[in-house]
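Student: this one's structure only:
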């Protein structure tokens, strides 16, 4: 995930994301790439003391330019942020500080913030690792809904096979940096994906 947004080097081969050749980007183009990629992280990466609404508004910083976070966003951005909060089901928490929310609610704020970027693609890096199974399923279903309804590709890193099989359209399985599986989820089962695990049942890499 870090390599695909230029935060870690690509040591061999090439990578293309949202029309950019990541292996040969200049600094200015790298900034454009990152503004086109909405990111959802395992630990949410919200600003705890700021309100839910302000956290979502930070997703528009690349568009709005240098501003005062506490009052510099215009009515259009605020209206749009509220629409995204409503879509992820927590508009009623808009004025609450982010730190007061549950883990599942914070991840929904992070998804709304990613949407605020108007992204061409969304990367979700272990987005449900900190959530219980029921919440994990609802967050992944939300990401799938966004992909289908908005036409935004969502690339999700997961280690839990049942979640991947249930919520993903396609699975690319990696082990020690090599692609061992690449197929629609409907064509795969847990047995076919067992090649991704070592003898102790531990994943060799993200899939």
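Tutor: All right, it came through fine. These numbers were taken from a predicted model, which means no experiment stands behind them. Numbers count the residues shown, from 1 in each chain.
Student: any buried residues in the helix ranked longest in the chain, and which?
Tutor: Using DSSP state H, we find that the single longest helix of the chain is helix 133-150. Across helix 133-150, burial judged by 16 or more other Cβ atoms under 10 Å covers 135, 136, 137, 139, 140, 142, 143, 144, 146, 147. For glycine as for every other residue, the C-beta is placed from the backbone atoms N, C-alpha and C.
Student: could I get those residues as JSON lines with pLDDT?
Tutor: Below are the buried residues of helix 133-150 laid out as JSON lines (pLDDT from 0 to 100):
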{"residue": "135", "pLDDT": "88"}
{"residue": "136", "pLDDT": "91"}
{"residue": "137", "pLDDT": "91"}
{"residue": "139", "pLDDT": "93"}
{"residue": "140", "pLDDT": "94"}
{"residue": "142", "pLDDT": "94"}
{"residue": "143", "pLDDT": "95"}
{"residue": "144", "pLDDT": "94"}
{"residue": "146", "pLDDT": "94"}
{"residue": "147", "pLDDT": "94"}
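Student: what part of this structure, helix or strand, is modelled with the least confidence?
Tutor: helix 61-64 (a mean of 65; mean pLDDT, DSSP states H and E).
Student: which SSE is immediately downstream of it?
Tutor: For helix 61-64, the succeeding helix or strand toward the C-terminus, using DSSP states H and E, is helix 75-87.
Student: list of residues touching stretch 127-142?
Tutor: With contact meaning Cβ atoms under 8 Å, 6 or more residues apart in numbering, stretch 127-142 is reached by 40-44, 88, 103-104, 107-108, 110-111, 143, 156, 158-160, 163, 166-167.
Student: where do the strands sit along this structure?
Tutor: If DSSP state E is used as the criterion, the strands of the chain fall at 16-17, 20-21, 37-40, 121-125, 154-157, 170-175, 178-184.
Student: can I get the ones you listed in CSV including distance to residue 30?
Tutor: What follows is the strands of the chain, written out as CSV (distance: least, Cβ to Cβ, whole Å):
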stretch, distance to residue 30
strand 16-17, 11
strand 20-21, 8
strand 37-40, 11
strand 121-125, 15
strand 154-157, 18
strand 170-175, 24
strand 178-184, 25
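Student: do you know which of those strands lies nearest residue 81?
Tutor: strand 37-40 (13.9 Å; Cβ to Cβ).
Student: who does the closest one pair with, and is each partner parallel or antiparallel?
Tutor: strand 121-125 (parallel) (DSSP bridges).
Student: which ones are touching residue 166?
Tutor: Contacts of residue 166 (Cβ under 8 Å, 6+ apart): 137, 140.
Student: excluding chain neighbours, what is closest to residue 42?
Tutor: Distance criterion Cβ to Cβ, 6 or more residues apart in numbering; nearest residue to residue 42, sequence neighbours excluded, is residue 126 at 4.1 Å.
Student: so how far is stretch 7-23 from its chain's centroid?
Tutor: 18 Å (Cα atoms, centre = their mean, to the nearest Å).
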